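Novice: give me a model of this one.
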Amino acid sequence: MRSLTMNLSLAMAATFGLVAFSGMASAADMPTEYPPIIEAPEPMPLPAVGGWYLRGDIGYKFYQAPKGSLSNAAWGTTGNNGNMGDEKMLGAADFGAGVGYKFNDYLRTDLTLDYETPAKFKGSFFCTSGPCGGGTWHDSERVKISAYSALANVYADLGDFHGLKPYVGAGAGASYLRTSGVKSGVIDTDGTYPNSAGKWNFAWALMAGVEYPISDRLSLDLGYRYLNLGDARTGTAADSSGNVTRVEYKDIAAHEVRVGLRYYLN
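Specialist: Numbers count the residues shown, from 1 in each chain. Model prediction:
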């Protein structure tokens, strides 16, 4: 009995020793340093979608032919009810600036001011008699027309396509058209040259284009605009019979190609 107890004690001691030795060996095999724990970075704050911006543009206008006429069809020796023929209006450069606000990724608005260099108009009156040539078109009607416009515009941005952001828009406001350098062969034969004059009009526009971001604040804007500026007119002139008239130029409108920059303030 005593021998059995001693054998059991020896067996248990050997077992504990083996377990302890195995634990020590495992602990010795474990690395003393661990790789650093990489923490996920804090998400970057999204830039504000809305904000103010400034814009500057240059463009070139291709004019449709306006309708020229005398305000008094019975004036002088002019036939064809005082209406011109062969009207043409040459192109002109345009310079603009404005301030706008972007509400979100799809809607923005701005206020713009534009100045246009003088555009040359020419046309012909039909003369019934007199030194301008009876029964012929007298091609000597000339004038320069300068334009100023102020528009409130609204745009719909159509998304982002590989960095290109197309848009469409519309605007309405006022224009001021001023004539200068009036040369009227018909009026000169029966009276005097009419003076220069200015006229305010309702103006409206339709736009389409694409924005290309250059940096987080600066964007390039390439666009098309159809702009209706209204009517222009000269000062008055009187013929030998005392009739008073002026030359009028109606439905002045242009297709315009524009390039500009937009700078976002925030």
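Novice: in this structure Gly96 contacts Lys61, no?
Specialist: No. Using CB atoms under 8 Å, Gly96 is not in contact with Lys61; the gap is 11.5 Å. Every residue, glycine included, has its C-beta placed from N, CA and C.
Novice: between those two, which one's more packed in?
Specialist: For Gly96 versus Lys61, the count of surrounding residues by other CB atoms under 10 Å is larger for Lys61: 25 against 20.
Novice: could you measure from the more buried one over to Ala147?
Specialist: 8 Å (CB to CB, to the nearest Å).
Novice: who's in contact with the closest residue to Leu218 other than its chain neighbours?
Specialist: Nearest residue to Leu218 in three dimensions, chain neighbours excluded: Tyr263, at 5.5 Å (CB to CB, 6 or more residues apart in numbering). Tyr263 is in contact with 53-55, 217-219, counting by CB atoms under 8 Å, 6 or more residues apart in numbering.
Novice: can you select the buried ones from the residues you listed in ChimeraX?
Specialist: Buried residues within the contacts of Tyr263, by 16 or more other CB atoms under 10 Å, are selected in ChimeraX with:
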select :53,55,219
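Novice: excluding chain neighbours, what is closest to Ala203?
Specialist: According to CB to CB, 6+ apart, the nearest residue to Ala203 is Ser175 (3.8 Å).
Novice: wait, Gln64 sits on Lys250?
Specialist: No. Assessed by CB under 8 Å, Gln64 is found out of contact with Lys250, at 11.3 Å.
Novice: report the buried residues of stretch 243-251.
Specialist: Buried positions in stretch 243-251, judged by neighbour count with 16+ other CB under 10 Å: 245-249.
Novice: can I get those residues in JSON lines with distance to Met207 and secondary structure?
Specialist: Output for the buried residues of stretch 243-251, formatted as JSON lines (distance: CB to CB, whole Å; DSSP: H, G, I helix; E, B strand; the rest coil):
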{"residue": "Thr245", "distance to Met207": "37", "secondary structure": "strand"}
{"residue": "Arg246", "distance to Met207": "33", "secondary structure": "coil"}
{"residue": "Val247", "distance to Met207": "31", "secondary structure": "strand"}
{"residue": "Glu248", "distance to Met207": "28", "secondary structure": "strand"}
{"residue": "Tyr249", "distance to Met207": "24", "secondary structure": "strand"}
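Novice: for Glu211, state which of these is nearest.
Specialist: Nearest to Glu211 among these is Tyr249, at 34.9 Å by CB to CB.
Novice: just the pLDDT for the closest one.
Specialist: As predicted, Tyr249 sits at a pLDDT of 92.
Novice: ok, it - contacts?
Specialist: Contact partners of Tyr249, counting by CB under 8 Å, 6+ apart, are 66-68, 121, 143, 145, 179, 231-233.
Novice: from Phe126, how far out is it?
Specialist: 17 Å.
Novice: one step back: the residue nearest to Leu218: what secondary structure?
Specialist: Here Tyr263 is strand, with the state taken from DSSP: H, G, I helix; E, B strand; the rest coil.
Novice: what's opposite it in the beta bridge?
Specialist: Leu54, Leu218 (DSSP bridges).
Novice: can you redo the contacts of Tyr263 as CSV with distance to Ala208 and pLDDT?
Specialist: Output for the contacts of Tyr263, formatted as CSV (distance: CB to CB, whole Å; pLDDT from 0 to 100):
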residue, distance to Ala208, pLDDT
Tyr53, 19, 97
Leu54, 21, 98
Arg55, 16, 98
Arg217, 24, 92
Leu218, 21, 95
Ser219, 16, 95
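Novice: could the contacts of Tyr263 be laid out in a markdown table, adding distance to Leu158?
Specialist: Listed next are the contacts of Tyr263 as a markdown table, based on distance: CB to CB, whole Å:
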| residue | distance to Leu158 |
| --- | --- |
| Tyr53 | 18 |
| Leu54 | 23 |
| Arg55 | 19 |
| Arg217 | 21 |
| Leu218 | 21 |
| Ser219 | 15 |
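Novice: what residues does stretch 90-103 touch?
Specialist: Contacts of stretch 90-103 (CB under 8 Å, 6+ apart): 49-63, 108-121, 147, 153, 254, 256, 258, 260, 262, 264.
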